[in-house]
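In: have a look; sequence and predicted model below, questions after that.
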Amino acid sequence: MHLRRTFLALGLAAAATLSPTLFAQDAHLVSPSQLQQQMDAASAMRQHNIDTLTSFLSTPAATHAMKSRGIDPVQVTNAIPNLSNAELASLSARATKAQQDFAAGNLSNNDLLLIILILVVVILIAVIR
């Protein structure tokens, strides 16, 4: 009987210390609708980044820069969706900044062409690896 009370006391003590942890874990559960919203937002952001990068690399200046270096613009455009989310976000941000700087007169044509070629090389290297 004494052993039984000891196990019961240990069980109650363990339950008392674990209960807050278990309740805290329940507070961190994500509902299916929240998970779906997060997945939809991530998918939309990925598509936005793909569109931004594709648009930037489809400009006449970018197409000319690639062709003048013997790079197939279609191959580069087809490689864009193969980039990771992090790579897409980074390159898309750089493309947007380059466009803004060029429009503001902060970049010359040569600077813009250099940025385009660097982005193309990064895309091709990322996809090849």
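Out: Cool, got the structure. Owing to the predicted nature of the structure, the values given are computational and were not obtained by experimental measurement.

In: nearest residue to N85 other than its sequence neighbours?
Out: Closest residue to N85 apart from its sequence neighbours, by CB to CB, 6 or more residues apart in numbering: R46 at 5.7 Å. C-beta coordinates here come from the backbone N, C-alpha and C atoms, glycine included.

In: mind checking pLDDT for the one you found?
Out: What the model reports as pLDDT for R46 is 96.

In: with the one 4 residues further on instead?
Out: I50 carries a pLDDT value of 97.

In: go on, A41?
Out: Value listed for A41 in the pLDDT field: 92.

In: ok, A15 next?
Out: Per-residue confidence (pLDDT) for A15: 52.

In: report all helices and strands that the helix or strand that contains I116 contacts.
Out: Here I116, judged by DSSP states H and E, is contained in helix 109-128. Judged by 3 or more CB pairs under 8 Å, 6 or more residues apart in numbering; DSSP states H and E, helix 109-128 is in contact with helix 32-57, helix 60-68, helix 73-79, helix 85-103.

In: export it as CSV, just CAs?
Out: Output of helix 109-128 as CSV, limited to C-alpha atoms (Å, rounded to 0.1, in the frame of the first residue of the first chain):
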residue,chain,number,x,y,z
ASN,A,109,23.7,51.6,-68.8
ASN,A,110,26.9,49.8,-68.2
ASP,A,111,26.2,49.4,-64.5
LEU,A,112,22.8,48.0,-65.3
LEU,A,113,24.2,45.6,-67.9
LEU,A,114,26.8,44.4,-65.4
ILE,A,115,24.1,43.8,-62.8
ILE,A,116,22.0,41.9,-65.3
LEU,A,117,24.9,39.7,-66.2
ILE,A,118,25.7,39.0,-62.6
LEU,A,119,22.1,38.0,-61.9
VAL,A,120,22.1,35.7,-64.9
VAL,A,121,25.4,34.1,-63.8
VAL,A,122,24.0,33.6,-60.3
ILE,A,123,20.8,32.1,-61.7
LEU,A,124,22.6,29.6,-63.9
ILE,A,125,25.1,28.6,-61.2
ALA,A,126,22.2,28.1,-58.7
VAL,A,127,20.3,25.9,-61.1
ILE,A,128,23.3,23.9,-62.2
